[in-house]
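# got a predicted structure plus its sequence, pasted below:
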Amino acid sequence: QVQLVESGGGLVQAGGSLRLSCVVSGRTFGNYRVGWFRQAPGKEREFVATIDRNARTTNYADSAKGRFSISRDIPENTVYLQMHSLRPEDTAVYSCGARISIYGQGLSPIEYDYWGQGTQVTVSS
């Protein structure tokens, strides 16, 4: 059984920063691609960023490029999402997912096998 636990969300003013953490446990951490997605009220879950199992390749949504950075601490079984210059439209529940397959770019939530419960990020204007 694979478990993912997110933390680091909270309330921040526009222009501020947050760092989200996703701790993966249950199987060898290096076997997964990990992605961050977010879902705002009344909207579908959308892709934010993803990092491959070896931390060599990352991809970002256009809305995240230049402001967010995804990284992976393999010994700590943790993936981070560093977010800067936050905007009110970034307000959402942020969730991390783990994908076992080595194929695919991990840009869609349907590609992921396991999910955490999510952490709320609220950006005030």
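Nice, thanks for sending it over.
# and the residue nearest to Gln82 when sequence neighbours are not counted, what does it touch?
Counting by C-beta to C-beta, 6 or more residues apart in numbering, Gln82 lies nearest to Ser69, which is 4.5 Å off, once chain neighbours are set aside. Just so you know, the C-beta spots here come from the backbone N, C-alpha and C atoms, and that holds for glycine as well. If a contact means C-beta atoms under 8 Å, 6 or more residues apart in numbering, then Ser69 has 49, 81-82 as its contacts.
# save those as CSV, and put in distance to Leu107 and neighbour count too.
Shown next, in CSV, are these (distance: C-beta to C-beta, whole Å; neighbours: other C-beta atoms under 10 Å):
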residue, distance to Leu107, neighbour count
Ala49, 10, 26
Leu81, 15, 27
Gln82, 20, 15
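# below-threshold pLDDT in this protein: ranges please.
Along the chain, the model assigns pLDDT under 70 to residues 29-30.
# how many neighbouring residues does the residue nearest to Leu107 when sequence neighbours are not counted have?
Sequence neighbours aside, Phe47 is the residue nearest to Leu107 in space, at 5.1 Å (criterion: C-beta to C-beta, 6+ apart). Using other C-beta atoms under 10 Å, Phe47 is surrounded by 22 other residues.
# report the contact partners of Phe47.
Residues near Phe47 by C-beta under 8 Å, 6+ apart: 35, 37, 61, 107-109.
# surely Tyr80 is in contact with Arg19?
Yes: contact criterion C-beta atoms under 8 Å: Tyr80 and Arg19 qualify, at 5.9 Å.
# more neighbours: which of the two?
Set side by side, Tyr80 and Arg19 show more neighbours around Tyr80, with 19 against 14, by other C-beta under 10 Å.
# could you confirm the more buried one falls within a helix?
No: the assignment for Tyr80 is strand, going by DSSP: H, G, I helix; E, B strand; the rest coil, so no helix is present there.
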